[in-house]
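Q: Next one to model:
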Amino acid sequence: MTREIMIVAGEASGDLHGSRLVQAMAGRRSDLHFVGVGGTEMAAAGVELLFPSSRIAVVGLLEVFSHLGPILSAQRLLRQRLRKRRPALLILIDFPDFNLLLARKAKKLGIPVFYYISPQVWAWRSGRVKTIGRLVDAIGVILPFEQEFYRARGVNAHYVGHPLLDSVRPEMSRDAFCASFSLDPSRQMIGILPGSREREIRHLLPVFLEAADRFQQRNETRPLFLVPRASTISETVLAQNGIDRYRDILDIRIISAYRYALMAACEAVLAASGTVTLELLLLNTPQVAAYRLAPVTYAVGKMLVKVPFFSLVNLIAGEEIVTELLQEQANSEQLAEALQQLVYDRQRSEQIRAAYTRVRQVLGSAGASQRAADLALRVLENPVR
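A: Next up is the predicted model:
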């Protein structure tokens with residue numbers, strides 16, 4: 001008899017990690033049917049999509065209000081499905097404000113819940129730990145320090161490893177990458193990674209390009225500036241946020257494929273803080289992490305967030321390995337100076353790479369999706385409650 005599993009991911013990274021979890025679970029059990037919220041990756045893995053994650057994937061207070069209609073519609077649809085079909089297991093991937101509402105409904109219906117990829121309760125709104133412990137049978141965490149954090153507060157948490165360890169590697173060699181896009185491999189290559197959301201592009205791409213111009217003016221060489229275009233961002237959005245303005249000043253190449261090969265080919269990168277900072281660590285590429293938020297969102301976050309760093313690399317390391325520039329500090333002058341150090345201060349770049357090695361050892365081995373699948377199937381067969 002087929003058993004229905006509901007799985008909910010609210011953004012692109014969750015869609016990718018969810019797809020790999022589904023594949024790992026399906027490889028162990030042939031009697032599972034997956035339904036839920038996700039994107040193209042989860043659909044390709046065989047998930048019957050009840051609602052597209054692209055309609056509810058938002059960050060920041062203002063964006064939540066502007067997307068409230070689709071968010072409420074998705075909640076109603078999923079709650080009805082939980083009530084009428086009573087899936088054998090509910091799997092939630094990050095996206096806490098949305099997903100914890102579903103967990104509460106599942107709890108009332110007696111449906112076991114597996115949470116994969118922890119909300120960052122150790123950073124802000126730590127009161128949610130009690131809610132998670134009450135509503136969730138088990139949680140698979142992907143940052144090493146999270147297991148101890150949750151267990152100390154009575155939550156059934158297991159470190160499964162970081163899923164990026166399974167997937168982050170260059171798709172080809174540097175020479176092959178350069179040949180594919182007619183790039184001169186002898187030239188200096190600098191990555192500009194302003195994010196995968198339009199809001200991030202608006203806030204960061206103009207200042208990254210201005211910093212690139214400052215960096216070029218300070219040095220005799222004319223670098224290649226490589227911009228990987230996320231599938232969620234159009235060429236028009238990039239053009240409107242500074243690319244067109246700098247085309248005659250900088251040698252900019254927008255590349256829509258082989259993202260990891262691009263990142264590995266660069267001597268240094270200006271990056272929007274997020275998952276990409278950990279990807280760059282795994283690719284051994286020195287980086288500057290920056291972020292800018294809408295003033296209202298930043299003001300609220302500054303009061304609530306209680307962590308010493310905002311980039312994943314520094315959080316895991318417990319020290320500042322990567323230069324972080326937040327809000328007003330993320331200006332073209334400071335970005336250009338940090339980039340200058342990465343490219344021309346050999347001792348600085350070697351220190352960063354040595355620290356990267358230490359963090360990789362802390363992260364452990366690949367196989368996160370397989371270990372998460374094992375944990376999810378244990379919850380399916382032996383829920384805590």
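
Q: Mind listing what's buried along the strand or helix carrying residue 42?
A: Using DSSP states H and E, the element containing residue 42 is helix 40-44. Buried residues in helix 40-44, defined by neighbour count with 16 or more other CB atoms under 10 Å: 40-42. To be clear about C-beta, it is placed using only N, CA and C from the backbone, and glycine gets the same treatment.

Q: just curious, which of those residues is nearest to residue 289?
A: Taking CB to CB as the measure, residue 41 is the one of these closest to residue 289, at 25.3 Å.

Q: Skipping adjacent residues, who's closest to that closest one in space?
A: Nearest residue to residue 41 in three dimensions, chain neighbours excluded: residue 19, at 3.9 Å (CB to CB, 6 or more residues apart in numbering).

Q: list the contacts for that neighbour?
A: For residue 19, the set of contacting residues under the criterion of CB atoms under 8 Å, 6 or more residues apart in numbering consists of 38, 41-42, 44-45, 47.

Q: which helices and strands sit right next to the helix ranked longest in the chain?
A: Selection of the longest helix in the chain by residue count, based on DSSP state H, yields helix 198-218. Contacts of helix 198-218 with other secondary structure elements, assessed using 3 or more CB pairs under 8 Å, 6 or more residues apart in numbering; DSSP states H and E, are made with strand 189-193, helix 235-238, helix 244-246, strand 268-272, strand 287-291, helix 332-344.

Q: still on that earlier bit, of the contacts of residue 19, closest to residue 221?
A: Of all these, residue 41 has the smallest distance to residue 221: 39.0 Å, by CB to CB.

Q: tell me the contacts of the closest one?
A: Residues in contact with residue 41 (CB under 8 Å, 6+ apart) are 15-16, 18-19.

Q: 10 Å - rerun?
A: 9, 12-20, 22-23, 47, 53 (CB atoms under 10 Å, 6 or more residues apart in numbering).

Q: pLDDT value on the residue sitting nearest the centre point of the chain, please?
A: The structure's the chain has its C-alpha centroid closest to residue 275; by CA atoms, centre = their mean the separation is 3.5 Å. If you check residue 275, the pLDDT there is 88.

Q: Now do the nearest residue to it once chain neighbours are set aside against residue 281, distance only.
A: Taking CB to CB, 6+ apart, and ignoring the residues beside it in sequence, residue 275 has residue 13 as its nearest neighbour in space, at 5.5 Å. Using CB to CB, to the nearest Å, we find residue 13 at a distance of 16 Å from residue 281.

Q: ok, now residue 163?
A: The spacing between residue 163 and residue 281, counted by CB to CB, is 14 Å.

Q: Those two: which is more packed in?
A: residue 281 (28 against 25; other CB atoms under 10 Å).

Q: any idea what that one is structurally, helix, strand or coil?
A: Taking DSSP: H, G, I helix; E, B strand; the rest coil as the rule, one finds residue 281 in the helix state.

Q: Verify the stated contact: it with residue 359.
A: Yes - here residue 281 lies in contact with residue 359, judged by CB atoms under 10 Å, at a distance of 6.0 Å.

Q: shared neighbours of the two, which are they?
A: Counting by CB under 10 Å, 6+ apart, the shared contacts of residue 281 and residue 359 are 312-313, 316-317, 321.

Q: Same list, those residues, but as TSV with pLDDT, distance to residue 236 and neighbour count please.
A: Formatted as TSV, the entries for the shared contacts of residue 281 and residue 359 read as follows, by pLDDT from 0 to 100; distance: CB to CB, whole Å; neighbours: other CB atoms under 10 Å:
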residue	pLDDT	distance to residue 236	neighbour count
312	90	30	22
313	94	32	23
316	92	36	22
317	91	38	18
321	95	36	25
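
Q: what residue ranges in the stretch 51-200 of the chain are flagged as low confidence?
A: 57-67, 122-126 (pLDDT under 70).

Q: if you go through it in chain order, where are the helices?
A: 61-66, 68-85, 96-109, 128-135, 144-151, 164-167, 174-180, 198-218 (DSSP state H, counting those that start in this stretch).

Q: any idea which of those helices is most buried?
A: Each of the helices of the stretch 51-200 of the chain was scored by mean neighbour count; the highest is helix 198-218, a mean of 20, by mean count of other CB atoms under 10 Å.

Q: how much space between the residue nearest to the centre of the chain and residue 378?
A: When CB to CB is the yardstick, residue 275 and residue 378 sit 27 Å from each other.

Q: domain assignment for the protein?
A: As recorded under automatic domain parsing, the domains making up the chain are 3-161+367-381, 174-363.

Q: Export those domains to CSV and append columns for distance to residue 168.
A: Formatted as CSV, the entries for the domains of the chain read as follows, by distance: least, CB to CB, whole Å:
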stretch, distance to residue 168
domain 3-161+367-381, 11
domain 174-363, 4
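
Q: Tell me the secondary structure at the residue nearest to residue 165 when sequence neighbours are not counted.
A: In space, not counting the residues next to it along the chain, residue 165 is nearest to residue 366; the distance is 4.3 Å by CB to CB, 6+ apart. With three-state DSSP as the basis, residue 366 sits in coil.

Q: try residue 227
A: With three-state DSSP as the criterion, residue 227 reads strand.

Q: In JSON lines, list the helices of the stretch 51-200 of the chain along with distance to residue 348.
A: Formatted as JSON lines, the entries for the helices of the stretch 51-200 of the chain read as follows, by distance: least, CB to CB, whole Å:
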{"stretch": "helix 61-66", "distance to residue 348": "36"}
{"stretch": "helix 68-85", "distance to residue 348": "44"}
{"stretch": "helix 96-109", "distance to residue 348": "37"}
{"stretch": "helix 128-135", "distance to residue 348": "38"}
{"stretch": "helix 144-151", "distance to residue 348": "26"}
{"stretch": "helix 164-167", "distance to residue 348": "24"}
{"stretch": "helix 174-180", "distance to residue 348": "22"}
{"stretch": "helix 198-218", "distance to residue 348": "15"}
